[in-house]
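Student: here is my input; please provide its structure:
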Amino acid sequence: MAKKKSWSKLFLLLGLAVALGGGGFYFWKKANKVVTEYKLAPVTRGDVIQTVTANGQLNPVMNVQVGSQISGIIQKLYADFNSRVTNGQIIAQLDPSTFEANVQQAQGELASAKATLELNQLNSDRASALYRDHLLAKADYDKAVADLHQAEATVKIREASLTRAKVDLARTTIFSPIDGVVISREVDVGQTVAASMNAPVLFKIANDLAKMQIDAMIAEADVGGIEIGQDVMFTVDAFPMRTFRGKVIQVRNAPVTTQNVVTYDTVVEVNNEDLKLKPGMTATASVVIARKPDILKVPNSALRFRPPELTTSKPATNAPAATPVAAVPATNGVARNGGGGREGRSRSGGGGPGGTRGGASGKMERAGPKTVYVAEKKMVNGESVIEPKAIQIRTGIGDGASTEVLEGLNEGDEVIVGVILPESDASKPAVNPFGSGMRRF
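Tutor: Sure thing, here's the model as predicted:
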């Protein structure tokens, strides 16, 4: 009888151990279960503005480079940086000494040529009279006439030389060709300028800095959407918090190829009445090629999202409605985007078929349907879970952050835009169902 009782106690203890081990294993497995959490965003209504972005340089509408046609030493300067000048105003003076001497020499040579012409005229008249009286040979008469013609030609040559010398002397005085502002002064007093091959630049004068233009280089993939009259918004580094505006006034046909990239110069008219913008500033311009107010739109991250493979559905959270993330009570790591002080890491899904083209606002959307995943809520074992459901939609214009929805979604629908990743298992202690403090190494 005692032996039978001892066997009963043994079986009882074995059953209890099996029950405790099975229960501990169940709770340990449940505690270490990886649950996929999805980041959600609602389909909303709003304005979408599609733009093409390009960089360019601010330039005056009329920018004249004032040079010198002759070589010489700068004797005086009558204008400096930022000087306002008028058409015909003297702005520089070259040393005229050499050119004054050239004028005097040309005048003397002309006087000598005229004296020779006068002598040859007298000789020709005398020879003509003698030849009529048959007192002079025809050869001598012909020579006297030829000498007269040669003297006349020499006078014309000397007159041209004098005129050229006077023109060169006049060019020692440099005048402003337009009304405007001196942007740059390239020479100093005493500097020698040489005009042997190219005219040296002395000044750069802008006609009117209150009216400027941007020469924006538009890529060949985007130039098809650019038209004259389109609005342009741009910023400059000098005023990062201010947005300036302009209009497209010209799309030039000449291609510019830089490192095998073809661009086209698009001229943007800019009003600069407050003179804040300076010539040469780099502008980041956005040309508005399409604008639609109060339309249905979806975040671009929803178009790029694709569900990770072999994932489990997640329970829905009871977080406030304003939170766009459906957080779940995680058991193997905590979610940062949910309520209750949880932590976690979120990421957007990778690109795939049907995704948007690039992230720049200037890119046109590809034609054809797109695939997005909506949050479909289900009840499994009395618990609310979310399953991603693929939906085909038609899209319109995009602004780099959102894309117009033409068909396939309704306002208020929740689309999946990313996955919240749990913390790495290697960085957290293992859960011991028996409470022995065992850690995973």
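Student: if I pick the residue nearest to the spatial centre of the chain, what's in contact with it?
Tutor: Geometric centre of the chain, nearest residue: N55, 1.9 Å, by Cα atoms, centre = their mean. By Cβ atoms under 8 Å, 6 or more residues apart in numbering, N55 lies in contact with 216-217, 282-285. C-betas here are computed from N, CA, C, even on glycine.
Student: ok, and the closest non-adjacent residue to S286?
Tutor: Excluding the flanking residues, the one nearest S286 by Cβ to Cβ, 6 or more residues apart in numbering is T51, at 4.0 Å.
Student: over to the one you found. Which of the three states is it?
Tutor: Look at T51: counting by DSSP: H, G, I helix; E, B strand; the rest coil, its state is strand.
Student: which strand residues bridge the residue nearest to the centre of the chain?
Tutor: As for beta bridges, N55 partners with T284 under DSSP bridges.
Student: tell me the confidence at G338?
Tutor: pLDDT, G338: 35.
Student: what is the burial count for the closest residue to E186 other than its chain neighbours?
Tutor: Distances taken as Cβ to Cβ, 6+ apart place V201 nearest to E186, at 5.1 Å, with adjacent residues excluded. Using other Cβ atoms under 10 Å, V201 is surrounded by 15 other residues.
Student: surely V201 touches V64?
Tutor: No - with contact defined as Cβ atoms under 8 Å, V201 does not count as touching V64 (10.2 Å).
Student: top helix in this protein by residue count?
Tutor: The helix spanning the most residues in the chain, taking DSSP state H as the definition, is helix 97-132.
Student: next SSE downstream of that helix?
Tutor: helix 138-170 (DSSP states H and E).
Student: low-scoring stretches of the chain, by residue?
Tutor: Low-confidence segments of the chain (pLDDT under 70): 1-36, 309-368, 380, 382, 421-441.
Student: show me where it has helices.
Tutor: For the chain, the helices defined by DSSP H occupy 2-31, 97-132, 138-170, 300-304.
Student: which outside residues touch stretch 156-168?
Tutor: In contact with stretch 156-168 (Cβ under 8 Å, 6+ apart) are residues 70, 99, 102-103, 105-107, 109-110, 112-114.
Student: buried ones in it?
Tutor: Judged by neighbour count (16 or more other Cβ atoms under 10 Å), stretch 156-168 contains these buried residues: 158, 161-162, 165-166, 168.
Student: can you select the buried ones from the contacts of N55 in PyMOL?
Tutor: To isolate the buried members of those in PyMOL, using 16+ other Cβ under 10 Å:
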select buried, resi 216+217+283+285
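Student: can I get the contacts of N55 in TSV with distance to S384?
Tutor: Shown next, in TSV, are the contacts of N55 (distance: Cβ to Cβ, whole Å):
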residue	distance to S384
A216	52
M217	53
T282	53
A283	52
T284	46
A285	49
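Student: give me the contact list for stretch 70-89.
Tutor: 90-96, 98-99, 168, 171-172, 175-185, 187-196, 202-203, 205.
Student: so in that sheet, which strands flank the biggest strand by length in the chain, and in what orientation?
Tutor: In the chain, assigned by DSSP state E, the strand with the most residues is strand 239-258. If you go by DSSP bridges, strand 239-258 pairs up with strand 231-236 (antiparallel), strand 261-271 (antiparallel).
Student: need those in TSV (columns: mean neighbour count).
Tutor: Output for the strands paired with strand 239-258, formatted as TSV (neighbours: other Cβ atoms under 10 Å):
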stretch	mean neighbour count
strand 231-236	20
strand 261-271	18
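Student: closest one to G400 among these?
Tutor: When those are compared by Cβ to Cβ, strand 231-236 sits nearest G400, at 13.3 Å.
Student: and that closest one, C-alpha only, in PDB?
Tutor: This file holds the C-alpha atoms of strand 231-236, laid out as PDB (Å, rounded to 0.1, in the frame of the first residue of the first chain):
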ATOM      1  CA  ASP A 231       4.700  81.000 -62.100                       C
ATOM      2  CA  VAL A 232       8.000  80.400 -60.500                       C
ATOM      3  CA  MET A 233       8.900  80.300 -56.800                       C
ATOM      4  CA  PHE A 234      12.600  80.500 -55.800                       C
ATOM      5  CA  THR A 235      14.900  81.000 -52.900                       C
ATOM      6  CA  VAL A 236      18.400  82.200 -52.400                       C
END
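Student: could you list the domains of this protein?
Tutor: Domain assignment for the chain by automatic domain parsing gives 32-46+297-427, 52-61+209-291, 66-91+177-207, 96-171.
Student: so how far is the third one off the chain centroid?
Tutor: In this case it means domain 66-91+177-207. Chain-centre distance of domain 66-91+177-207: 33 Å, with Cα atoms, centre = their mean, to the nearest Å.
Student: kindly check the end-to-end length of it for me.
Tutor: Terminal residues of domain 66-91+177-207 lie 12 Å apart, using Cα to Cα, to the nearest Å.
Student: now do the second one
Tutor: Taking Cα to Cα, domain 52-61+209-291 runs 12 Å from one end to the other.
Student: same question, the last one
Tutor: Taking Cα to Cα, the span from the opening residue of domain 96-171 to its closing residue is 9 Å.
Student: please compute how far it lies from its chain's middle.
Tutor: In terms of Cα atoms, centre = their mean, the centre of domain 96-171 is found 67 Å from the chain centre.
Student: return the set of buried residues in stretch 117-135.
Tutor: Within stretch 117-135, the residues that qualify as buried by neighbour count (16+ other Cβ under 10 Å) are 117, 120, 123-124, 127, 131.
Student: make CSV from those and add distance to M233 to it.
Tutor: CSV is the format used below for the buried residues of stretch 117-135 (distance: Cβ to Cβ, whole Å):
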residue, distance to M233
L117, 74
N120, 78
N123, 84
S124, 82
A127, 87
Y131, 90
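Student: which single one of these is nearest to I393?
Tutor: The closest of the buried residues of stretch 117-135, once distances to I393 are taken by Cβ to Cβ, is L117, at 95.8 Å.
Student: count of neighbours near the residue lying closest to the closest one once chain neighbours are set aside?
Tutor: The shortest distance from L117 to any non-neighbouring residue, by Cβ to Cβ, 6+ apart, is to A151 (3.9 Å). Using other Cβ under 10 Å, the number of residues around A151 comes to 20.
Student: I figured A151 hits N120, correct?
Tutor: Yes - contact criterion Cβ under 8 Å: A151 and N120 qualify, at 4.1 Å.
Student: circling back to that earlier point, buried subset of the contacts of stretch 70-89?
Tutor: 91-94, 96, 98-99, 168, 171-172, 176-178, 180-185, 187, 193, 202-203, 205.
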